[in-house]
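# got a predicted structure plus its sequence, pasted below:
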Amino acid sequence: MVPTKKEDLRKLVSQTTIETYEELTPKLIQLIEQTKQDASLTEAQKQDEISLHMLGYIKSCTNEIIIEVLAEILGLEE
């Protein structure tokens, strides 16, 4: 779908955002659980690692959303 109005673009971005976050969330949860169970890290180190995982998650989601929306608009194939 190539949006012709801002509202159409907003809907496309919103839908892509929901799909992307749902797709990438299990990996984030897995990383967080692994970090919480890592006995070699202090609690402060665990929190730092989890923060890094969260930042990476947000960055990955943002990149994927941009790519997917542009691919849809430009009609790009996988």
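Structure received.
# only C-alpha atoms for contact and neighbour calcs from this point on.
OK.
# any idea how far Thr42 lies from Leu52?
Thr42 is 15 Å from Leu52, where distance means CA to CA, to the nearest Å.
# for Gly75, same thing?
Using CA to CA, we find Gly75 at a distance of 34 Å from Leu52.
# neighbours of Leu74, how many?
When neighbours are defined as other CA atoms under 10 Å, Leu74 has 11 of them.
# which ones are touching it?
Going by CA atoms under 8 Å, 6 or more residues apart in numbering, Leu74 touches Val2.
# what residues of stretch 66-77 count as buried?
Using 16 or more other CA atoms under 10 Å as the test for burial, stretch 66-77 gives Glu68, Val69.
# CA-only coordinates of it in CSV, if you can.
Taking Å, rounded to 0.1, in the frame of the first residue of the first chain, the C-alpha atoms of stretch 66-77 are listed here in CSV:
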residue,chain,number,x,y,z
ILE,A,66,11.9,2.4,8.7
ILE,A,67,13.1,-0.4,6.4
GLU,A,68,9.7,-2.0,6.2
VAL,A,69,7.7,1.2,5.7
LEU,A,70,10.1,2.4,3.0
ALA,A,71,10.1,-1.0,1.3
GLU,A,72,6.3,-1.0,1.3
ILE,A,73,6.2,2.5,-0.2
LEU,A,74,8.9,1.9,-2.8
GLY,A,75,7.6,-1.6,-3.7
LEU,A,76,10.8,-3.3,-2.8
GLU,A,77,11.1,-7.1,-2.6
